[in-house]
Every structure is written in structure tokens, then in C-alpha cells.
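Trainee: Just a sequence and a predicted model for now, questions to come.
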Amino acid sequence: MLTIMAAASLSPPEEPLAGQLRAAIWNDLQLNAMIGNGNWLASLWYNAGQEDTKTPDLHILDMSCGSNREGHRCSFTLLRDGGVRMAFNEAAPDRLNCTAQFVRQEESDGWKVKHRPPRGSGHSRTDMQCKAVSAS
């Protein structure tokens, strides 16, 4: 019942918040693609869009958010034009359904995707979680 109530309170964020959250998603995807910080599927999705000389458009769609004590918890779809592509010798889906927790940046008035401490050593881990959407 609590899950249903939480889902019912999600709504598309209004500008300028939506723009700040989209910027935070792009920033986290770029960081994840460079250093690999816990979201392999999103890294594949992003890198598959970078390895072609005719770079396909990447989109953030259907963002819905709810406020919580940490900031905003949002769900959204990542879409890459051009269908499934190969990246790092793996098939990279063209559509992902994702969720992420957004928190205030300490150094500015903007937002960032929350990161968790590394497991052992290494880099922090992104809170962004994604699943491939199967073609129907």
C-alpha cells in the first residue's frame, strides 16, 4: 500500500528543477562512463552512443519525481536513437528505465545524483540504477 501511495505522488518536475536534474543525470552518466562507478548497464548505453562517428542522439524521457528528506527520488527513461549497438563487445540496449536519488551539491545551489562510498577501495558508487527495457 505504501508503494502505491509513493508512486501516486510522483509527478514531472517543473523547470528549472527539471533542467537541473537532467544536467545531473548527464554528469553522472559521463562520470560513470569514464571511471565505472557502479552502473555498468548505463555505461554501456552511454558508450554505445559515443563510439560511432555518426553519434546517435541520447534522450532523457518521462521523468517523474517525488520529494523526500534527502532531496528528490526520480524515475526516467534513457533512450538512444539507432537501436541496440555494441560497446565493449557487449550488446548495449537502446532504452533503459532508471531511478536515482538526487541530493543538493555542497559546492553550489544545483543537484547531483547521490553517490555511496566505495566498496573497499576505488570510486564512489552512483545511486542511479537502470534496467533494460525489452522490445515489445
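Mentor: Nice, I can see it.
Trainee: Show the contacting residues for residue 43.
Mentor: 32-33, 36 (Cβ atoms under 8 Å, 6 or more residues apart in numbering). Bear in mind the C-beta positions are built from the backbone N, C-alpha and C, glycine included.
Trainee: And residue 35, by the same measure?
Mentor: Listed by Cβ under 8 Å, 6+ apart, the contact set of residue 35 reads residue 123.
Trainee: ditto for residue 103
Mentor: Contacts of residue 103 (Cβ under 8 Å, 6+ apart): 70-71, 111-114.
Trainee: ok so, going back, neighbour-wise, give me the winner out of the contacts of residue 43.
Mentor: Neighbour counts for those (other Cβ atoms under 10 Å) peak at residue 32, which has 24 neighbours.
Trainee: Name the residues of the longest helix belonging to the chain that come out as buried.
Mentor: The longest helix of the chain (DSSP state H) is helix 17-35. For helix 17-35, a neighbour-count test (16 or more other Cβ atoms under 10 Å) marks 20-22, 24-25, 28-29, 31-33 as buried.
Trainee: Find out how far it is from the centre of the chain, if you would.
Mentor: With Cα atoms, centre = their mean, to the nearest Å as the basis, helix 17-35 stands 7 Å off its chain's centre.
Trainee: Please state the offset of the helix or strand just after that helix from the chain centre?
Mentor: Following helix 17-35 in sequence order, the next helix or strand is helix 40-48 (DSSP states H and E). Remark: helix 40-48 is offset 10 Å from the chain centroid, using Cα atoms, centre = their mean.
Trainee: Give me the buried positions along helix 40-48.
Mentor: 41-48.
Trainee: about what we covered before: wait, which of the buried residues of helix 17-35 is closest to residue 64?
Mentor: Of all these, residue 64 sits closest to residue 21, with 10.9 Å by Cβ to Cβ.
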